[in-house]
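>>> no sequence for this one, just the structure:
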């Protein structure tokens, strides 16, 4: 946490130096609060990308320790103060000038350190900054690494960090190259509301997530272990599928043609699904904290049961995951942050005392059903925003809610001992795990038959496939986890058919 605070402080000082010393940086004066917030998020993401690339290159190519690479990259980050100081002195502006085509790439890449060549991609301060970064990399790896050929490695590290810095500015050009469309054309054709303000988030966030996971796995092994335990794929997919179903229903209602998906829309949709997945991880971590007494009996393999000292890591995942999920949602319409906060609030009511609605018979599945319905609304609001309530097909939504209400109670079967010992009322506690298994399966089959008979569910190939898959798994395997996985597949078939 101290390193994160230092990282953010360095970036904040850089921003303030730009605002004070450079003529083109007036964003906090002339623009709206939302735009200012998006700009700061964009700046933090850009420097996060450079920092993570620096650490990974030093640790893997330079053969430095991960601890040392983290420390030197954080200290070296203070070099980002150089451009506003130098450019302010000479009356220039160090604002990032993104390149939307590769026509200037070779010239900028090869001539950056030749003072007599005018490179309009960057200012003098940025050129000096990049040179100092490369020099510091060369000296650190060459002098501190104990591997063979360390000076060759030092030169390669400097070159790779130089390349990483350039990719930061040329990401829009790379996207245009892949799609064959200009940045402005992609913005004009976006139907999900991608704008010049939130487009930079789409450039950086996918790369930062990949680099961040790599960095976390190497430097924070305890936190990485907890994070993996909270990523329960089959359950997380349920929330993601309901969100995606809401998006597809919104598109269908809007009568959009099949060619609506450009790369910006796909990235925006992917990040929306990601924000829901991150919110699920945060809620799972929170639930694991308060379910520890139940898990001692029912899930003894959980990391928190085996090592109670991991409680701080679980709290970190719950808090940071909530903040990231909410933060990402602010890149969309105003409906998305409200709905995501509602989702997290329901998760708190479900898990956390004094309410802890998880304890009450039928109340717990009602809350879980409410959460997935919020996910569905979250997805539909991607298209319709504040007009979402007018687009809802309430009979269809209620039938989906009833299906999930029954199906979600299968997860209680393996927790019978822990629930009974801790006063948690579930159907499995009252009827027994085996009897509940058959009762829930029968109810699901009955409801599917009713939905087909009244016309809410068409007797199509996907519907028949989903029904047969559930019936086969329910009768043949008689295994709770296999059944939950099968239910996820069936749900996906029914939602996205």
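On my side now, so go ahead. Not measured: the values here are computed from a predicted model.

>>> quick one, domains of the chain?
As given by automatic domain parsing, the domain ranges for the chain are 2-219, 231-392, 403-497.

>>> and residue 225, which of the ones you listed is closest to it?
Among the domains of the chain, domain 231-392 comes nearest to residue 225, with 5.8 Å by Cβ to Cβ. Where you see a C-beta, it was placed from the backbone N, CA and C, and this is true even at glycine.

>>> quick one on the thing from earlier: dump the domains of the chain to a markdown table, plus mean neighbour count and distance to residue 225.
Shown next, in a markdown table, are these (neighbours: other Cβ atoms under 10 Å; distance: least, Cβ to Cβ, whole Å):
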| stretch | mean neighbour count | distance to residue 225 |
| --- | --- | --- |
| domain 2-219 | 17 | 10 |
| domain 231-392 | 19 | 6 |
| domain 403-497 | 17 | 21 |
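
>>> format those domains as CSV; extra columns: mean pLDDT.
As requested, the domains of the chain are arranged in CSV below (pLDDT from 0 to 100):
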stretch, mean pLDDT
domain 2-219, 83
domain 231-392, 89
domain 403-497, 86
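
>>> for the lengthiest helix in the chain, packing partners?
What stands out as the longest helix in the chain, according to DSSP state H, is helix 150-179. Of the remaining helices and strands, those touching helix 150-179 by 3 or more Cβ pairs under 8 Å, 6 or more residues apart in numbering; DSSP states H and E are helix 33-60, helix 105-111, helix 124-144, helix 183-189, helix 199-219, helix 263-290.

>>> now render these as a markdown table, adding distance to residue 400.
Shown next, in a markdown table, are the helices and strands packed on helix 150-179 (distance: least, Cβ to Cβ, whole Å):
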| stretch | distance to residue 400 |
| --- | --- |
| helix 33-60 | 33 |
| helix 105-111 | 50 |
| helix 124-144 | 53 |
| helix 183-189 | 31 |
| helix 199-219 | 30 |
| helix 263-290 | 16 |
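
>>> list just the one of the ones you listed that sits closest to residue 461.
Nearest of the helices and strands packed on helix 150-179 to residue 461, taken as Cβ to Cβ: helix 263-290 at 25.9 Å.

>>> what helices or strands is whatever helix or strand comes next after the closest one leaning on?
As assigned by DSSP states H and E, the chain's next helix or strand after helix 263-290 is helix 292-298. Contacts defined by 3+ Cβ pairs under 8 Å, 6+ apart place helix 292-298 against helix 303-306, helix 416-421.

>>> now the shortest one: how far from the chain's centre is it?
In terms of Cα atoms, centre = their mean, to the nearest Å, the centre of helix 303-306 is set 25 Å apart from its chain centre.

>>> which SSE is immediately downstream of it?
The C-terminal neighbour of helix 303-306 among helices and strands, as given by DSSP H and E, is helix 311-329.

>>> which helices and strands does that next one pack with?
Using 3+ Cβ pairs under 8 Å, 6+ apart: helix 311-329 touches helix 221-230, helix 263-290, helix 335-351.

>>> turn those helices into CSV, including distance to residue 402.
Converted to CSV, the helices and strands packed on helix 311-329 look like this (distance: least, Cβ to Cβ, whole Å):
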stretch, distance to residue 402
helix 221-230, 28
helix 263-290, 22
helix 335-351, 18
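
>>> nearest to residue 245, of those?
helix 263-290 (11.2 Å).

>>> show me what that closest one is packed against.
So helix 263-290, by 3+ Cβ pairs under 8 Å, 6+ apart, packs with helix 150-179, helix 183-189, helix 199-219, helix 221-230, helix 233-253, helix 311-329, helix 335-351, helix 363-384.

>>> chain center to that helix: distance?
Worked out by Cα atoms, centre = their mean, helix 263-290 lies 5 Å from the chain centre.

>>> thought residue 452 was touching residue 466?
No. Assessed by Cβ atoms under 8 Å, residue 452 is found out of contact with residue 466, at 11.3 Å.

>>> straight-line length of stretch 416-425, end to end?
Distance between the two ends of stretch 416-425: 9 Å, counting by Cα to Cα, to the nearest Å.

>>> farthest residue from the center of the protein?
Residue farthest from the centre of the chain, counting by Cα atoms, centre = their mean, is residue 116 at 44.3 Å.

>>> may I have the phi/psi pair for it?
phi -80, psi 0 (degrees, to the nearest 10).

>>> got a list of what the residue nearest to residue 249 when sequence neighbours are not counted touches?
Excluding the flanking residues, the one nearest residue 249 by Cβ to Cβ, 6 or more residues apart in numbering is residue 380, at 5.9 Å. Residue 380 is in contact with 246-247, 249-250, 388, 391-392, counting by Cβ atoms under 8 Å, 6 or more residues apart in numbering.

>>> again, but for residue 246
Each residue near residue 246 by Cβ under 8 Å, 6+ apart is listed here: 375-382.

>>> spatially nearest residue to it (excluding sequence neighbours)?
With sequence-adjacent residues excluded and distances taken as Cβ to Cβ, 6+ apart, residue 246 is closest to residue 379, at 2.6 Å.

>>> tell me the secondary structure at residue 85.
Recorded secondary structure, residue 85: helix (DSSP: H, G, I helix; E, B strand; the rest coil).

>>> contacts only, for it.
Here residue 85 is in contact with 17, 21, 125 (Cβ under 8 Å, 6+ apart).

>>> could these go into JSON lines alongside distance to residue 53?
Formatted as JSON lines, those follow (distance: Cβ to Cβ, whole Å):
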{"residue": "17", "distance to residue 53": "23"}
{"residue": "21", "distance to residue 53": "27"}
{"residue": "125", "distance to residue 53": "21"}
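
>>> nearest to residue 282 among the residues you listed?
Each of these was scored against residue 282 by Cβ to Cβ, and residue 17 proved nearest at 34.6 Å.

>>> my read: that closest one touches residue 87, true?
No. Counting by Cβ under 8 Å, residue 17 does not reach residue 87; the two are 9.6 Å apart.

>>> how many neighbours does the residue nearest to residue 284 when sequence neighbours are not counted have?
With sequence-adjacent residues excluded and distances taken as Cβ to Cβ, 6+ apart, residue 284 is closest to residue 230, at 4.4 Å. Other residues lying near residue 230 total 21 when counted by other Cβ atoms under 10 Å.

>>> and residue 230, what's its pLDDT?
On the pLDDT scale, residue 230 is placed at 94.

>>> which residues does it contact?
Contacts of residue 230 by Cβ under 8 Å, 6+ apart are 281, 284-285, 288, 314, 317.

>>> how about residue 64?
So residue 64 contacts 58, 72, 140-141, 144-145 (Cβ under 8 Å, 6+ apart).

>>> ditto for residue 177
Neighbours of residue 177 in contact, by Cβ under 8 Å, 6+ apart: residue 102.

>>> quick check: residue 54 touching residue 164?
Yes. Checked against Cβ under 8 Å, the pair residue 54 and residue 164 is within contact range at 7.4 Å.
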